[in-house]
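Chemist: Any chance you can model this:
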Amino acid sequence: MSRQPLPASPPAAMPSARRQPRWLLPAVAAAIVAVIGINVWLVHRDRAEVLASSARTQRDLVHAIAGRLQTALQKADLLATLVAQDYVRVQADGKRELFRPALQQAIATNPDLALVVVVDREGRSQTGSMTQRPPAFSVADRDYFRHHQQVNDGRPFIGSMVVSRGGKRRIIPVSRRINDSDGGFAGVVMVGLAVDDLQQSIGAYAAGPNSMVGIAHLDGTVLLRVPEMGATGRNIGRDPQFAEHYRRRPEGAFAGISPVDGQRRNYAYRVIDDYPLVVVTAVNEADPLAGWMQALLLKSGYVLLVTALLALLALYLYRQQRLLARTLRLNRTVLDSTPCGIVAIGSDGRVLLFNDAAASLLRCSRREGHARPPILMHVPADLRDVLGLPAGEPLPADLPYESVLEAAIRRPRPEWVLRRADGEHFPASMSVAPVHDRAGQAIGHVLVFDDLTREKSLERMKNDFVSVVSHELRTPLTAINGAISILASTMKAGADARQVRLLDMASDGCARLIRLVSDILDLNKLERGQMQLHRLPQALRPLLEEALAQNETYASQYEVRYRLIAPEASPEVDVDRDRLLQVMTNLLSNAAKFSPPGSEVRVRLTVAADEVAVAVEDDGAGIPAEFQPRVFERFSQSAAVATRSKGGSGLGLSIARGFVHAHGGSLNFSSAEGVGTTFVLRLPSLPPMRRSDADFRPCSAVSPPPAALT
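Modeler: Okay, the predicted model is just below:
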């Protein structure tokens, strides 16, 4: 009996086709269509966003260029208006020689402007801002001249771009009419905008290699185009775009074909307020989409790229974390190794960093330094001084330390008195600086301070040494000077010229040494607050007259004369007569030394409600700008050859300022190279009730010396 084979059955893992759901294929197709549709929608959305962003960029560019051009036009228009007004006045006053330098100065301070030209009613040039005055030329054929000759509407006129006949530069004329006293036509003032500078500045706004920036009159005349392509001076007013867009609305955007090069572009324009000009920017339609197309092709690789970047970023962060930990350890070691105390304060007033040197100087542990309020390291006198509070006024109980640090930055102090944790005080130098994060936000302050106890001790020793040496030198120098004088008086009758010259040189050298010793002693007393002033109420004008008389012979050596400008009735001041004469002698001798021969030095006395001011004005070469901050420093002298040739120890102005400060006054200066220098001495005047008090009162100079003396 044979066995029949069993029928084969399909595997369980392979379902029969009849069991497949009918909705699977439509669902897959729908999913594919949905994915394609979503991607198409995303592509169109991205394209629209790119075009919208390009349009916004175009509008922003045209607004920026229009604002830049409007500012330049306003400068030129304002200058033309002022020059027209001043020209009429100068013609009436007859002061023409000052007019042309003023025009040159106006152009020199405005880089947007190329030149200024004033022409008469015939179109002939009268004056201008050119450095070398060119031969007279005529602008009667210029459009701006013809316009103002015919129209008197009180408005500026912007002409076509021309090449200046005086300076051979391309300019855009901005002109104003000059009227005579009867309102008739008297000429034109033309201020030229520098086309090359303007073209370079607006060209920087170009949005791409195929972009265009242009400026045109509302009648269609092209004033400027970048790139130029021969369009400057061309009239495109017949282009329908002018009638449809530029002349109907003050600003807008559209797509069109360029009348210059035939390229299809997206345009944005804006008419400048108050001026008949329109600014146009354009970019080829394909340019904004070029980057979008490249981005579309690269999107498929973004996932792999981002994954790789994330892996690299994770590895980088791991390595940076290790490097940061090593750097922090190194910074901590460096901060703890520095001999200066360093304390970092957060914006909330908490101590964030406290190095070992700070703990040693303040005699506390680092933990105590972090827990102790940092304001406790200061004495109340320093806090009142840096905050500008009167002496003795109680400090607020809730005074924020941040306000103290901000005041210390605004009013830096060369020296502080700090308080240790055990209550002991010590002199210290301290600097305060703000700390900002990467966004520029203030997050706290850092204090760096050092103990000055040893330096103060050395300074006292130095001052004592200088005082002793100077006192010991004064007596023998005085004796030597007297001996030389006696010897000179007895020998001059029978001595030859060489011997007389040697005696005079010895006498002059000895006198200079005596003056130097006296200056050093005076400076030392001022620094230590030991200068005795014999102050007496007295009228100021006679003192000034006496100072001028004493220095008249000295000034004659330099062929310079003094002139006093002061009211007859001068107020009284409470001063030491000899010290004030010493201050005036120093100022007058300096002014005479640095004045050109044949000039005069003016001493001007002015009176205010509670003070008097004495100004010493000269017409010398002025003080170099780089030397001005060091004028009142000890032994400071300009490195200029002209200054070195005048000699001097460099102590006079420091001593003069110290004497003035000791009287409760101030001594300042203003100087310009090539113009001259003015030193101004201000002293408090006596109230009327004290001007009859004639008591002779010796007193000490209690005012602290100026910063230059410390």
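Chemist: secondary structure class for residue 486?
Modeler: With DSSP: H, G, I helix; E, B strand; the rest coil as the basis, the three-state label of residue 486 is helix.
Chemist: Next one, pLDDT for it please.
Modeler: In this model, residue 486 is scored at 71, pLDDT.
Chemist: Then the one 4 residues further on?
Modeler: In the prediction, the pLDDT value recorded for residue 490 is 69.
Chemist: list the helices and strands the helix or strand hosting residue 176 packs on?
Modeler: In this structure, residue 176 sits in strand 170-179 according to DSSP states H and E. When contacts are defined as 3 or more CB pairs under 8 Å, 6 or more residues apart in numbering; DSSP states H and E, strand 170-179 packs onto helix 24-93, strand 113-120, helix 143-150, strand 157-158, strand 162-163, strand 185-194, helix 195-203. For every residue, glycine as well, the C-beta is placed using N, CA and C.
Chemist: Just the residues contacting the last one, thanks.
Modeler: The contact list for helix 195-203 (CB atoms under 8 Å, 6 or more residues apart in numbering) reads 65, 68-69, 72, 111-112, 114, 161, 169-172, 213, 215, 224, 226, 228.
Chemist: Which helix or strand lies directly C-terminal to that helix?
Modeler: Next along from helix 195-203, by DSSP H and E: strand 212-217.
Chemist: Only the C-alpha atoms, please, for the next helix or strand after that next one, written as PDB.
Modeler: Using DSSP H and E, the helix or strand that follows strand 212-217 in sequence is strand 222-226. This file holds the C-alpha atoms of strand 222-226, laid out as PDB (Å, rounded to 0.1, in the frame of the first residue of the first chain):
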ATOM      1  CA  VAL A 222      21.200 109.600 -12.400                       C
ATOM      2  CA  LEU A 223      23.600 111.300  -9.900                       C
ATOM      3  CA  LEU A 224      25.500 108.200  -8.800                       C
ATOM      4  CA  ARG A 225      25.400 104.500  -9.500                       C
ATOM      5  CA  VAL A 226      27.500 101.600  -8.000                       C
END
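Chemist: Can you name every helix or strand that strand 222-226 contacts?
Modeler: So strand 222-226, by 3+ CB pairs under 8 Å, 6+ apart, packs with helix 195-203, strand 212-217.
Chemist: partners of it, with directions?
Modeler: Looking at strand 222-226 with DSSP bridges, its partner strands are strand 212-217 (antiparallel).
Chemist: Can you give me the distance of residue 70 to residue 253?
Modeler: Relative to residue 253, residue 70 is positioned 19 Å away (criterion: CB to CB, to the nearest Å).
Chemist: try residue 162
Modeler: Counting by CB to CB - residue 162 and residue 253 are separated by 32 Å.
Chemist: what ranges do the helices span in the stretch 301-450 of the chain?
Modeler: 302-337, 356-362, 366-371, 380-387, 401-410 (DSSP state H, counting those that start in this stretch).
Chemist: Highest mean neighbour count out of the ones you listed?
Modeler: helix 356-362 (a mean of 20; mean count of other CB atoms under 10 Å).
Chemist: quick one: that helix to chain centroid distance?
Modeler: Relative to its parent chain, helix 356-362 has a centroid offset of 39 Å by CA atoms, centre = their mean, to the nearest Å.
Chemist: Residues touching that helix, excluding its own?
Modeler: 335-336, 338-343, 365-366, 368-369, 377, 418, 420-421, 426, 428, 449-451.
Chemist: Swap in 7 Å and give it another go.
Modeler: 336, 338-343, 365-366, 369, 377, 420-421, 451 (CB atoms under 7 Å, 6 or more residues apart in numbering).
Chemist: what does the average pLDDT come to for that helix?
Modeler: For helix 356-362, the per-residue pLDDT averages 90.
Chemist: Tell me the buried residues in stretch 180-190?
Modeler: 185, 186, 187, 188, 189, 190 (16 or more other CB atoms under 10 Å).
Chemist: Among those residues, which one sits closest to residue 382?
Modeler: Distance to residue 382 across the buried residues of stretch 180-190 (CB to CB) is lowest for residue 189, with 60.2 Å.
Chemist: For residue 590, see how far away the closest one is.
Modeler: 44 Å.
Chemist: do residue 253 as well
Modeler: Computed with CB to CB, the distance linking residue 253 and residue 590 is 67 Å.
Chemist: Next up, the contacts around the residue nearest the centre of the chain.
Modeler: Nearest residue to the geometric centre of the chain (CA atoms, centre = their mean): residue 625, 14.0 Å. Residue 625 sits next to residue 673 when contact means CB under 7 Å, 6+ apart.
Chemist: what's the answer for residue 587, then?
Modeler: Contacts of residue 587 (CB under 7 Å, 6+ apart): 616, 656, 679.
Chemist: what about 10 Å?
Modeler: 547, 551, 601, 603, 614-616, 618, 652-653, 656, 667, 669, 679-681 (CB atoms under 10 Å, 6 or more residues apart in numbering).
Chemist: Looking at pLDDT only, which of these scores worst?
Modeler: residue 652 (72).
Chemist: That residue against residue 588, yeah?
Modeler: No - using CB atoms under 10 Å, residue 652 is not in contact with residue 588; the gap is 11.0 Å.
Chemist: Same drill for those two, tell me which one is more crowded.
Modeler: residue 588 (25 against 18; other CB atoms under 10 Å).
Chemist: quick one: low-confidence ranges for the stretch 351-500 of the chain?
Modeler: Confidence mapping of the stretch 351-500 of the chain against pLDDT under 70 gives the ranges 462-475, 477-478, 481-482, 484, 487-495, 497, 499-500.
Chemist: Which stretches in it count as strands?
Modeler: 351-354, 416-419, 425-436, 442-451 (DSSP state E, counting those that start in this stretch).
Chemist: Using CSV, please lay out the helices of the stretch 301-450 of the chain together with distance to residue 281.
Modeler: What follows is those, written out as CSV (distance: least, CB to CB, whole Å):
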stretch, distance to residue 281
helix 302-337, 32
helix 356-362, 59
helix 366-371, 59
helix 380-387, 54
helix 401-410, 45
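Chemist: Kindly check the end-to-end length of stretch 273-288 for me.
Modeler: End-to-end span of stretch 273-288 (CA to CA, to the nearest Å): 30 Å.
Chemist: buried residues in that stretch?
Modeler: 275, 277, 278, 279, 280, 281, 282, 283, 284, 287, 288.
Chemist: go on, stretch 602-616?
Modeler: Buried, per 16+ other CB under 10 Å, within stretch 602-616: 602, 603, 604, 605, 611, 612, 614, 615, 616.
Chemist: of all the residues you listed, which comes closest to residue 270?
Modeler: residue 615 (52.5 Å).
Chemist: Surely that closest one forms part of a strand?
Modeler: Yes - counting by three-state DSSP, residue 615 is part of a strand.
Chemist: which residues touch it?
Modeler: Residue 615 touches 565, 587, 602-606, 669-670, 678-682, counting by CB under 10 Å, 6+ apart.
Chemist: Mind listing the residues bridging to it?
Modeler: In beta-bridge terms (that is, DSSP bridges), residue 615 pairs with residue 604, residue 680.
Chemist: Report the separation between it and residue 416.
Modeler: The value you get for residue 615 to residue 416, if CB to CB is used, is 36 Å.
Chemist: Also residue 328?
Modeler: Counting by CB to CB, the gap from residue 328 to residue 416 is 30 Å.
Chemist: Just name the closest of the contacts of residue 587 to residue 204, please.
Modeler: Once CB to CB is applied, the member of the contacts of residue 587 that ends up nearest residue 204 is residue 669, at 42.5 Å.
Chemist: mind checking which helix or strand the closest one is in?
Modeler: If you go by DSSP H and E, residue 669 is part of strand 666-672.
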